[in-house]
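Colleague: model this:
(one chain, ligands or ions: 1)
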Amino acid sequence: MNVYETVAAAIGNTALVRLNAVTEGIEAAVYAKLEFLNPGGSVKDRAARSMIEAAESSGELAPGGTVVEGTSGNTGIGLAMVAASRGYRTIVVVPDKTSAEKVAFLRAHGAEVRVTEGARPTDHPDHVRNIARRIADETPGGWLAGQYDNPANIGAHYASTGPELWQQTGGRITHFVAGIGTGGTISGTGRYLKEVSDGFVTVVGADPLNSTYNGGDGRAYYIESIGHFLHPDSPEDIWPECYDRSVVDSILTVTDREAITTVRALARREGLLVGGSGGAAVAAALRLARTLPADATVVVLIPDSGRAYLSKYFDDDWVARLGFDDRTGDVAVTDLLGDTLDPLTVPSDATVAEALEVLGDRPELPVVLRRTPSSLVVAEIVGSVTRNDLIAANPTSVVTEHLSVPLSVVGAFESLGAAVKRIGADTRTVVVAESGIVSGLLSAGQLTDRSSGERSGR
Ligand SMILES: Cc1ncc(COP(=O)(O)O)c(C=O)c1O
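Modeller: Purely as a prediction, here's the structure:
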């Protein structure tokens, strides 16, 4: 048992584990499908193997060939792993925000990694996927995996994930919950489960707040690998062909805060270290399960492990800085934000003249990707502009030509002492974040004065 001739054959047949603690008060059974148990560490091993095998069968990928993909994450790792075991060369194009660990994973399997700027509209020639397509075209024997539109991605889940769940639950599964990235997992697994159960299984998507899949405006969010981000300059919101909406009965929107709270609870209360997309899926599954009777069986898919996110969702400092924690101390940063303190920001496509108007007397302001001033996500801050720099600049030029480094960010619920420590010697304006969203701006002086006032008992 469990002895395989190749690493690719060891993909799949992952464990299904019941959730016992976070399900308090829930009558239905909730089981988690642990996809981080795949050899490459994620659900994407299934799609990677399936896409490579389909390309081998069609002749698109031949011995001596090169596997090419544009991806920030797990698909690249799955492809690099399977390609390494079959002697293919791999080239992966990744956005610049990709963690050093993920790049190291790819290089460990011998993949060549090309790093490019991430936040670009989809029609930009140097958008990650457009670069990958060019490399595949220009490389002799090059083959673009194209996970977003490749039917072998859906096929992997129709042929393996779906049947495994049906077997593992003895046909008792009533609800399947998963996040939607390319849509391969939910579409393939969901399609199989619906077919095998004569439409009895309900398929539910978990979608980050802001994602356009469930009606958001496409702003950024902190949960990686699921949902659909839309750059404001993208001409159209094109969804992956692998996302088959007809399979999904409903979608539940999950906030970053809910997903982060859930991953932390799973690690501490269930002993399950899962990534952010798994946290979002479990949050949705629990919300759903609360409404279901005792004879319901909910299965939620966990795409990857929390190991790749130890410096984010599991790092207390990261969580506090973005305001994802809960208030603990008596006086927190948020108490210093008066009603009049607008989170004033400059849109990244503003001219210098427009920006100077927004700035008024202020010494500096953050520059953000969007024009709408409410719900500005900290992740969409691209830098800052100072009044002094702009006064000296050509008034018709665009502000992004005059960017300074981003302003310091402190969490809304941090104590004043912690916030002062965080900004260190920075004397500029400080951005305050609550649940990852800009809730206001403070001058560094306001923060340090009040903090020393607190200490001296004023
Ligand atoms: C961590 C993680 N979660 C969720 C997904 C989404 O899965 P799918 O692309 O099959 O929708 C991915 C896909 O890359 C992923 O890497």
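Colleague: Run a quick neighbour tally on A111.
Modeller: 24 (other CB atoms under 10 Å). C-beta here means a position set from N, CA and C on the backbone, and glycine is covered the same way.
Colleague: Check whether it really touches V94, as I assumed.
Modeller: No: A111 lies out of contact with V94 (CB atoms under 8 Å); the separation is 9.8 Å.
Colleague: which residues do the two both contact?
Modeller: By CB atoms under 8 Å, 6 or more residues apart in numbering, A111 and V94 have these common neighbours: G76.
Colleague: Quick check: closest non-adjacent residue to L19.
Modeller: V30 (4.7 Å; CB to CB, 6 or more residues apart in numbering).
Colleague: Report the beta-bridge partners for that neighbour.
Modeller: V298 (DSSP bridges).
Colleague: what does the chain have sitting close to the ligand?
Modeller: By CB under 6 Å from any ligand atom, the residues of the chain that approach the ligand are 42, 44, 73-75, 179-185, 225-226, 275, 277, 303-304.
Colleague: Now for the closest residue to H109 other than its chain neighbours: which residues touch it?
Modeller: In space, and not counting its chain neighbours, H109 is closest to A80: 3.8 Å by CB to CB, 6+ apart. Taking CB under 8 Å, 6+ apart, we find A80 in contact with 67, 90, 92, 105-106, 109-111.
Colleague: try A289
Modeller: Here A289 is in contact with 23, 26, 28, 30, 175, 296, 298 (criterion: CB under 8 Å, 6+ apart).
Colleague: just G78 next, same as before
Modeller: Applying CB under 8 Å, 6+ apart, the residues near G78 are 38, 40, 42, 44-49.
Colleague: do the same with L34
Modeller: With CB under 8 Å, 6+ apart, L34 has these contacts: 14-17, 272, 302.
Colleague: Quick check: the gap between it and L16.
Modeller: 7 Å (CB to CB, to the nearest Å).
Colleague: Verify the stated contact: H124 with N130.
Modeller: Yes: counting by CB under 8 Å, H124 sits close enough to N130 to count as a contact (6.9 Å).
Colleague: what's the neighbour count on the residue of the chain found nearest the ligand?
Modeller: Relative to the ligand, the nearest point of the chain is G181 (2.8 Å; CB to the nearest ligand atom). For G181, the neighbour count with other CB under 10 Å is 26.
Colleague: surely it meets G275?
Modeller: No: taking contacts as CB under 8 Å, G181 lies outside contact range of G275: 11.7 Å.
Colleague: anything in contact with each of those two?
Modeller: Contacts common to G181 and G275, judged by CB under 8 Å, 6+ apart, are S225.
Colleague: if we can go back for a sec, who touches the residue nearest to L19 in this structure?
Modeller: 18-19, 23, 285-286, 289, 298-300.
Colleague: ok, those vs L144, which is closest?
Modeller: Using CB to CB, V300 comes nearest to L144 of the contacts of V30, at 31.5 Å.
Colleague: Give me the phi and psi for that closest one.
Modeller: phi -120, psi 130 (degrees, to the nearest 10).
Colleague: I'd like to know how many residues surround it.
Modeller: 27.
Colleague: where's it relative to L288, distance?
Modeller: Applying CB to CB to V300 and L288 gives a distance of 9 Å.
Colleague: Can you pull the residues that touch both of those two?
Modeller: V177.
Colleague: would you list every one of the helices in the stretch 1-150 of the chain?
Modeller: For the stretch 1-150 of the chain, helices defined by DSSP state H, counting those that start in this stretch occupy the ranges 44-58, 74-86, 100-108, 128-138.
Colleague: The worst-scoring helix or strand of the chain on mean pLDDT: which residues count as buried?
Modeller: Here the helix or strand of the chain ranked lowest by mean pLDDT, DSSP states H and E is helix 444-455, holding a mean of 84. By neighbour count on 16 or more other CB atoms under 10 Å, the buried set for helix 444-455 is 444, 446-448, 450-451, 454.
Colleague: Brilliant, that's me finished.
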